[in-house]
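Student: I'll drop the sequence and a predicted model, then ask my questions.
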Amino acid sequence: MPIEVMPTYDNVLRVWWAYSWRWGAAGAVVAFAVMFAVQFLAIAAKMDIETVKKAEPVLGFIISVLASQWVIRRLLTKGFGRFRLALVEK
């Protein structure tokens, strides 16, 4: 049976850093690709670019949420030296 490990600042920092850099990298790459594609398609369809620019923050938020969920799922399968994250039913 697994032993529960008390969260130390070192453990918290490891998990926070693993989450932060993955979320930043994934979010930036996906956001850049999606925004580029949206603007390219908008120009090709002769849409009003100002309308597209107004929709970009919403699209960016959606991408951010999806990237965050992907990162959390990845962290639940990754080991952190002597411990790993797990969901434990009460």
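Tutor: That came in fine, so what should we check first?
Student: mind listing what V30 touches?
Tutor: Shown here is V30, whose contacts under the criterion Cβ atoms under 8 Å, 6 or more residues apart in numbering are I63, L66, A67. C-beta coordinates here come from the backbone N, C-alpha and C atoms, glycine included.
Student: list the contacts for P2?
Tutor: When the contact criterion is Cβ under 8 Å, 6+ apart, the partners of P2 are A86.
Student: Buried ones among the contacts of V30?
Tutor: Among those, the ones that count as buried by 16 or more other Cβ atoms under 10 Å are I63, A67.
Student: Closest to A42 out of the contacts of V30?
Tutor: Sorting these by distance to A42 puts I63 at the head of the list, at 16.6 Å, by Cβ to Cβ.
Student: Sketch out the strands for the protein, chain order is fine.
Tutor: Secondary structure of the chain by DSSP state E: the strands cover 79-80, 83-84.
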